[in-house]
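*Asks:* sequence unknown, structure follows:
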């Protein structure tokens, strides 16, 4: 049950660390529906500044920094190239680190889980509130102990920027290079050349593209493969915890409104302790059409949209707990997030074999099951392991990484997308997955099991493997 609650509270993508809110943080790019611009061409200017490293990592989001920690600890020279001028110092997003993600982080650096627990919230209580007066609240205690008994670890709720900060503190000062926006790459027999917007170049033996859902590297490898907009919107913010908020320490509070005559729109919300004296709240309307009608950005997403606080007040009126959180949030800190993901890619590896997609660039998913960050850390741990074992044969190492990791990641991605689409489809859930199969999937995911250990009824596994979000009327492809 405890994982069933936290599955829809993750609100940040893992592949970007930009300070301005943009596509990788849930805001669609300006020309998402009509862009036909070709990819930037390689820079042939021989006088451009050139750097060299063994492994270039593009993107200082969660996957990129985790990979850098592991490679440096194993003596593999690497540098991280980040498009933003600096790492984030704040964000309105939080994510849940689940047992499989924490296990991966511990394999990358043994001190990471404890460091994150110190600034996050290792929650021990779940509270379920219903706006229907006839429904009694449900309180579940000892959530952390149950998780430790079952999976060996308890989930941690943490602010996105705090997690990025903890990761960045574990790499050498000269590893992260900011202000480098990747345009394209060019593969040669024994190296790769990366071209950046500022005219600089990097020559490396291998490149790991950790550049998020809207990855330029993925677009170059798979030109016809585009992100998916699920037709859903969240509104969320992080604010200082106060007495008036009545935030329960080390707890998550889920609020469910099933609709009534006064407020017919169905919605789900959370008000959670996310550590460091901060409270996170989120509201998601279930109905795509009504969510779009309430959007302050015509569905494009953004920060501090005019009039959005008043619109949220109306929706939240059945819940005093959520309404208090909204009232205490300045409108300029409320973020409207488009729910964006991907279908599994046909490959993670470039034609020349020296570029690999990692994290959201490889498997961005619907946030409902809360596995974006944890899956990114699984992939980071897998690519670190492959490269440290490859004896400098980086083509072979990246091939091994994909062979070992992609099957499991694809299934988690499909499952996330499928579960994320259920609420908007009135009759799908009964046709798709039983409660027993959902529990089996959660166990399989959180125990970090390989594909061969997945045990589902054949018809339900077939449904999962064939699920296609783009067949649904409210889901659209984003042309890049």
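*Replies:* Alright, I've got the coordinates. Keep in mind the model is a prediction, meaning the values are calculated, not measured. Numbering: from 1, shown residues only.
*Asks:* For the longest helix along the chain, name the packing helices and strands.
*Replies:* Taking DSSP state H as the criterion, the chain has its longest helix at helix 394-421. Under the contact criterion of 3 or more C-beta pairs under 8 Å, 6 or more residues apart in numbering; DSSP states H and E, helix 394-421 touches strand 206-209, strand 228-240, strand 335-341, strand 355-357, helix 360-363, helix 372-389, helix 435-446, helix 458-466. Every C-beta, even on glycine, is put in place using the N, C-alpha and C of the backbone.
*Asks:* next one: the helix or strand that the first one is followed by to chain centre, how far?
*Replies:* It refers to strand 206-209. Following strand 206-209 in sequence order, the next helix or strand is helix 216-221 (DSSP states H and E). Here helix 216-221 is found 19 Å from its chain centre; the criterion is C-alpha atoms, centre = their mean, to the nearest Å.
*Asks:* Next one, pLDDT for residue 140 please.
*Replies:* Per-residue confidence for residue 140 comes out at a pLDDT of 89.
*Asks:* Find the nearest non-adjacent residue to it, please.
*Replies:* Counting by C-beta to C-beta, 6 or more residues apart in numbering, residue 126 is the residue found nearest to residue 140 once chain neighbours are left out, at 4.4 Å.
*Asks:* Give the rounded mean pLDDT of the helix or strand containing that neighbour.
*Replies:* Using DSSP H and E, residue 126 maps to strand 125-130. Mean pLDDT, computed over strand 125-130, is 91.
*Asks:* partners of that strand, with directions?
*Replies:* Sheet pairing for strand 125-130, assigned by DSSP bridges, gives strand 138-141 (antiparallel), strand 251-257 (parallel).
*Asks:* Near residue 169, how many other residues are there?
*Replies:* Residues lying near residue 169 (other C-beta atoms under 10 Å) number 10.
*Asks:* Ok, residue 362 next?
*Replies:* Neighbour number of residue 362 under other C-beta under 10 Å is 31.
*Asks:* Check the one 5 residues further on too.
*Replies:* Residues within reach of residue 367, counting by other C-beta under 10 Å, total 30.
*Asks:* Residue 259 now?
*Replies:* As a burial measure, residue 259 scores 15 neighbours (other C-beta under 10 Å).
*Asks:* and what of residue 443?
*Replies:* So residue 443, with other C-beta under 10 Å, has 16 neighbours.
*Asks:* likewise residue 75?
*Replies:* Neighbours around residue 75, by other C-beta under 10 Å: 8.
*Asks:* got the contact list for stretch 233-243?
*Replies:* With contacts defined as C-beta atoms under 8 Å, 6 or more residues apart in numbering, stretch 233-243 is touched by 11, 26, 91-94, 159, 245, 247, 273-274, 277-285, 291-292, 294-295, 299, 301, 308, 312, 325, 328-329, 333-339.
*Asks:* average model confidence for it?
*Replies:* Rounded mean pLDDT across stretch 233-243 is 93.
*Asks:* Name the residues of it that are buried.
*Replies:* Buried residues in stretch 233-243, counted by 16 or more other C-beta atoms under 10 Å: 233-239, 241.
*Asks:* Equivalent analysis for stretch 158-171, please.
*Replies:* In stretch 158-171, counting by 16+ other C-beta under 10 Å, buried: 158-168, 170-171.
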